[in-house]
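1. Turn this into a structure:
(chains A and B)
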There are 2 protein chains.
Amino acid sequence: MPRIGFIGLGIMGKPMCMNLLRAGLKVTAYTRTPGKAAEIMAAGGVFADSPAAVAARSDMVITMVPDAPDVREVCLGPGGIAAGARHGMLYVDMSSIDPMVSKELAAALGAQGIRMLDAPVSGGEPKAVDGTLSIMVGGAEEDYAEAEPVLRLMGTSVMRMGDIGAGNVTKLANNVMVALHIAAMSEALTLAAKAGVAPSLVFQAVRGGLAGSTVLEAKAPMVLERNFTPGFRIDLHAKDLRNALSLAHGVDAPLPLAALVMESMQSMKAQGKGALDHGALVQFYEKLANVTVEQ
Amino acid sequence: MPRIGFIGLGIMGKPMCMNLLRAGLKVTAYTRTPGKAAEIMAAGGVFADSPAAVAARSDMVITMVPDAPDVREVCLGPGGIAAGARHGMLYVDMSSIDPMVSKELAAALGAQGIRMLDAPVSGGEPKAVDGTLSIMVGGAEEDYAEAEPVLRLMGTSVMRMGDIGAGNVTKLANNVMVALHIAAMSEALTLAAKAGVAPSLVFQAVRGGLAGSTVLEAKAPMVLERNFTPGFRIDLHAKDLRNALSLAHGVDAPLPLAALVMESMQSMKAQGKGALDHGALVQFYEKLANVTVEQ
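-> Model (predicted):
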């Protein structure tokens, strides 16, 4: 197995990195807040003091950071991966970012002999801990073949989607659907509440039919119990929608509904509710309709 | 069991009526096109020449007709149910209509001593044939209790949702969600296609996660195979969205996404595509983006 570098030990990155250590891989890690690395070091990981130092000790470097500016900084900034990597090193960005940026970085790193895959994940913290994430990969076939055994230590569904950027395109298409499913549930339950029919009964009546969805099963009970503990935060989902719309503008794909839901999420952020679970988007509709969706 | 009257022997009504005959119930039927009643008569049903004549021979009259004007005509028009019904008869409208009309008809019939339930169904022709429909009922508890054994001969999920109109409110909330799920799939797959990632791979990658839905499982394969044989026709789904928006306007529930999808369906009808399956809504987005969602 390749020597692994792992950069970014947040809510997702740390458990993903732990799964590599548990499988016996050699891991050198870096994170901006060194305190977050204690668990990794206790499990046998080595801490390095910069992305460049990580890259110098690794055959394959993985990043899991918040957004495109962070990825760019970690790759090309001072003390970045490009400054420490040997020629031919494999770089796997597992962050969720605009695929246009993935392409741009792959070109810049490629000029220095660094191969790159984009490999964003879906599934959230519990699946990161269990190693059961879905991982959507873009890049050259031979690079994918090299990374796949490592990725399978973190995810149960690992698929090559196409060339560089295709992983993030898939992730964005996924998150467009999830956002619209939350909005669909919200419009339907708000309508029922305003029309005097108990939303909990509507949920029971429709879940088994064509209106059924994984979002409905996961989020309708949270809405009915008024539990908006994340889960997946509205401000992070808004970031994904922003990236989806940015991609869509780049490739001329009009997304009228996604654009509208983006604005709904902006309204939630404006109300100071960006840190709630994305199921709280129902509150945007509740405010529009002056009603609360309850049992 | 009560003597049944059954009015409306279309794609849905005929197999529903057949299930009552198979269970041994006495059925008197009426339909505007008498030729459609041949199968019913062969199975032991009696044909009457007007809704009034049906009502005169029945303890419980069921209607399954296209839309509110048809229901109104069959109930209150010349030779209608109200003209033939005995005092205390139970009337069950299983059509999908605006719940405001259900309430209005219940009031008009109630003044003549006729009790009414609204009991629209979901599930389409195959489930009508199998007797496995979902039936969402509105009306008084005691009337529901009386109708339930008969309804269970046609559906496996039979639920009382509340007072008169609550069945149709639920049906409309259901069909708002289904429409938005089709639109969600369409935006996501169109985006993927424009960004150069195979929609069939995206479907495989996302179906097991939070983006999963019954619509995605049912319709994505049809989209990828360019099979738009109904199923459920766009013009009928547009009727449901129009009724949902009419209800929403009546109760002050803003439905920004449903309104937008309504306009998309209108565009499909304008292009002469109203008779296609509602999964063909993807063609609205394909036309916007100048792309085809294929394997």
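2. Can you check the pLDDT for residue A:262?
-> pLDDT for residue A:262: 98.
3. Listing request: residues of the stretch 151-295 of chain A with sub-threshold pLDDT.
-> Low-confidence segments of the stretch 151-295 of chain A (pLDDT under 70): none present.
4. Could you rerun that using 90?
-> Across the stretch 151-295 of chain A, the ranges flagged by pLDDT under 90 are A:231, A:294-295.
5. That one: strands as residue ranges?
-> A:155-162 (DSSP state E, counting those that start in this stretch).
6. so how far is residue A:90 from residue A:113?
-> Distance from residue A:113 to residue A:90, counting by Cβ to Cβ, to the nearest Å: 11 Å. (Each C-beta comes from the backbone N, C-alpha and C, glycine too.)
7. And for residue A:146, nearest residue in space, chain neighbours not counted?
-> Nearest residue to residue A:146, sequence neighbours excluded (Cβ to Cβ, 6 or more residues apart in numbering or on different chains): residue A:90, at 6.0 Å.
8. residues contacting that neighbour?
-> Contacts for residue A:90 (Cβ atoms under 8 Å, 6 or more residues apart in numbering or on different chains) come out as A:2, A:59, A:60, A:61, A:114, A:115, A:116, A:117, A:143, A:146, A:147.
9. tally of neighbours for the last one?
-> As a burial measure, residue A:147 scores 24 neighbours (other Cβ atoms under 10 Å in any protein chain shown).
10. how far is whichever strand or helix holds it from where the chain is centred?
-> Using DSSP states H and E, the element containing residue A:147 is helix A:141-151. Here helix A:141-151 is found 20 Å from its chain centre; the criterion is Cα atoms, centre = their mean, to the nearest Å.
11. Next: stretch A:199-212.
-> 28 Å.
12. Kindly report the same for stretch A:101-108.
-> 18 Å.
13. So which bits of the stretch 51-200 of chain A are right by chain B?
-> Residues of the stretch 51-200 of chain A lying close to chain B (Cβ under 8 Å from any Cβ of the partner chain) are A:99, A:122-123, A:134, A:136, A:157, A:159, A:161-163, A:165-166, A:169-170, A:172-178, A:180-181, A:183-185, A:187-198.
14. give the contact list for residue A:243.
-> Taking Cβ under 8 Å, 6+ apart, we find residue A:243 in contact with A:68, A:96, A:97, A:98, A:168, A:172.
15. possible to save those as a markdown table with neighbour count and distance to residue A:54?
-> Conversion of the contacts of residue A:243 to a markdown table gives the following (neighbours: other Cβ atoms under 10 Å in any protein chain shown; distance: Cβ to Cβ, whole Å):
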| residue | neighbour count | distance to residue A:54 |
| --- | --- | --- |
| A:68 | 23 | 20 |
| A:96 | 28 | 21 |
| A:97 | 28 | 19 |
| A:98 | 24 | 24 |
| A:168 | 33 | 22 |
| A:172 | 31 | 28 |
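16. closest to chain B among these?
-> Closest approach between the contacts of residue A:243 and chain B, by Cβ to the nearest Cβ: residue A:172, at 7.1 Å.
17. How much space separates the nearest residue to that closest one once chain neighbours are set aside from residue B:290?
-> Leaving aside its sequence neighbours, residue A:172 sits nearest to residue A:244 (Cβ to Cβ, 6+ apart; 4.1 Å). Distance of residue A:244 to residue B:290, computed by Cβ to Cβ: 19 Å.
18. Equivalent analysis for residue A:4, please.
-> Note on residue A:4: its distance to residue B:290, by Cβ to Cβ, is 43 Å.
19. So between these two, which is more surrounded?
-> For residue A:4 versus residue B:290, the count of surrounding residues by other Cβ under 10 Å is larger for residue A:4: 25 against 11.
20. Tell me who's in contact with that one.
-> Residue A:4 touches A:20, A:25, A:26, A:27, A:28, A:58, A:59, A:60, A:61, A:62, A:150, counting by Cβ under 8 Å, 6+ apart.
21. show me what contacts the closest residue in space to residue A:121 that isn't next to it in sequence?
-> Distance criterion Cβ to Cβ, 6+ apart; nearest residue to residue A:121, sequence neighbours excluded, is residue A:133 at 4.3 Å. Contact analysis of residue A:133 by Cβ under 8 Å, 6+ apart lists A:16, A:121, A:122, A:123, A:127, A:154, A:155, A:156, A:157.
22. what bridges to the last one?
-> Looking back up the chat, that one is residue A:157. Residue A:157 forms beta bridges with residue A:134, as assigned by DSSP bridges.
23. right, and it touches residue B:207 too?
-> No - taking Cβ atoms under 8 Å as the definition, residue A:157 is not a contact partner of residue B:207, at 9.8 Å.
24. When the two are compared, which one has more neighbours?
-> In this view residue A:157 and residue B:207 are compared by other Cβ under 10 Å, and residue A:157 has more residues nearby, 20 against 16.
25. And the more buried one, how far from residue B:101?
-> Taking Cβ to Cβ, one finds residue A:157 at 47 Å from residue B:101.
26. what about the residue nearest to residue A:250 when sequence neighbours are not counted, how many residues close to it?
-> In space, and not counting its chain neighbours, residue A:250 is closest to residue A:100: 5.5 Å by Cβ to Cβ, 6+ apart. Residue A:100 has 19 neighbours, counted by other Cβ under 10 Å.
27. Helix or strand next in line after the helix or strand in which residue A:100 is found, which one?
-> Assigned by DSSP H and E, residue A:100 falls within helix A:99-110. Downstream of helix A:99-110, the first helix or strand assigned by DSSP H and E is strand A:115-118.
28. For the helix or strand just after that following strand, which helices and strands make contact with it?
-> Toward the C-terminus, strand A:115-118 is succeeded by strand A:121-122 as the next helix or strand (DSSP H and E). Secondary-structure packing of strand A:121-122 (3 or more Cβ pairs under 8 Å, 6 or more residues apart in numbering or on different chains; DSSP states H and E): strand A:133-138, helix A:166-194.
29. Adding distance to residue B:280 as columns, could you present those in JSON lines?
-> Output for those, formatted as JSON lines (distance: least, Cβ to Cβ, whole Å):
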{"stretch": "strand A:133-138", "distance to residue B:280": "27"}
{"stretch": "helix A:166-194", "distance to residue B:280": "18"}
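30. For the residue nearest to residue A:146, what are phi and psi?
-> phi -100, psi 130 (degrees, to the nearest 10).
31. how near is it to residue A:150?
-> 9 Å.
32. got any residues that touch both of these two?
-> A:2, A:60.
33. Quick one: end-to-end distance for stretch A:245-257.
-> End-to-end distance for stretch A:245-257: 11 Å, by Cα to Cα, to the nearest Å.
34. Pull out the buried positions in it.
-> Of the residues in stretch A:245-257, A:245, A:247, A:248, A:251, A:253, A:254, A:255, A:256, A:257 count as buried by neighbour count, 16 or more other Cβ atoms under 10 Å in any protein chain shown.
35. List the residues that contact the fourth one.
-> The contact partners of residue A:251, taken as Cβ under 8 Å, 6+ apart, are B:191, B:194, B:195, B:196.
36. ChimeraX command to pick out the buried ones of those residues?
-> Selection of buried members from these for ChimeraX, criterion 16+ other Cβ under 10 Å:
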select /B:191,194,195
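37. List the contacts of the residue positioned nearest the centre of chain A.
-> Nearest to the geometric centre of chain A sits residue A:96, at 4.6 Å (Cα atoms, centre = their mean). Applying Cβ under 8 Å, 6+ apart, we find residue A:96 in contact with A:67, A:120, A:121, A:168, A:171, A:172, A:175, A:239, A:240, A:243.
38. Generate a PyMOL selection restricted to the buried subset of those.
-> The following PyMOL line selects those of the contacts of residue A:96 that are buried, judged by 16+ other Cβ under 10 Å:
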select buried, chain A and resi 67+120+121+168+171+172+175+239+240+243
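39. Check the contacts of residue A:96 against residue A:38 and report the nearest one.
-> Using Cβ to Cβ, residue A:121 is the member of these that sits closest to residue A:38, with 23.6 Å.
40. pretty sure that closest one is touching residue A:134, no?
-> Yes - here residue A:121 reaches residue A:134: they are 6.5 Å apart, a contact under Cβ under 8 Å.
41. related to what we said a few turns ago, what's the closest of the helices and strands packed on strand A:121-122 to residue B:217?
-> helix A:166-194 (12.7 Å).
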